[in-house]
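K.L.:
what follows is a predicted protein model with its sequence.
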Amino acid sequence: MKTLLAETFEQIVAAQQDRVLADTGEAEEAVQDTFMKFHRHWERMEGDPGPGLYRTAVNTCLDRKRVPRRSEALVEMADLRPGPAELAEVRQRWQRVKVALSQLPEQERAAITLRDIEGLTTAEVAAFLGTTEGTVRSQIAAARMKLRRLV
């Protein structure tokens, strides 16, 4: 047997849910979130529940737009992961790059490895190799041209 409060709440849901329903793919989840939040506070409301419900719906939608759902973020991340074919291609390409790097003169190989693979700045590479930034830039440019031909 339902209590008067439960019946009243169900009537509010039935009467107001069309006002809350939006035209997005996640509308049903937003509606459910809205009514869950509304349910927690509705007993304290007086008078017409419509404005309070509407405000709850607006806030719920704004919250959902502001903070991406963990499940959505995981789906987006899963979509970004390469599949087996892409992984195989990346591995093959990396092997070709390693072989090509081994064919570069030592200074060019060191400069491009430190700059492009290790992520050091040109100034850091120059200091590490004991040379000037201009020399490092020309070594990297020469190495990149050779790598394009070899890979």
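P.N.:
Perfect, thanks for sending it. Residues are numbered from 1 along each chain as shown.
K.L.:
burial count for Gly83?
P.N.:
Other residues lying near Gly83 total 8 when counted by other C-beta atoms under 10 Å. Yep, even glycine has a C-beta here, placed from its N, CA and C like the rest.
K.L.:
same deal with Arg115?
P.N.:
Quick note: Arg115 (other C-beta under 10 Å) scores 21 neighbours.
K.L.:
so how far is Glu124 from it?
P.N.:
Relative to Glu124, Arg115 is positioned 9 Å away (criterion: C-beta to C-beta, to the nearest Å).
K.L.:
check Val151 too.
P.N.:
Using C-beta to C-beta, one gets 25 Å for the distance from Val151 to Glu124.
K.L.:
so in this structure, where's the weakest helix or strand by average pLDDT?
P.N.:
Using mean pLDDT, DSSP states H and E, helix 70-80 stands out as the lowest-scoring helix or strand of the chain, at a mean of 58.
K.L.:
what does the helix or strand following that helix contact?
P.N.:
Of the helices and strands lying after helix 70-80 in sequence (DSSP states H and E), the nearest is helix 84-102. With C-beta atoms under 8 Å, 6 or more residues apart in numbering as the test, helix 84-102 has contacts from 82, 109, 112-113, 146-147, 150-151.
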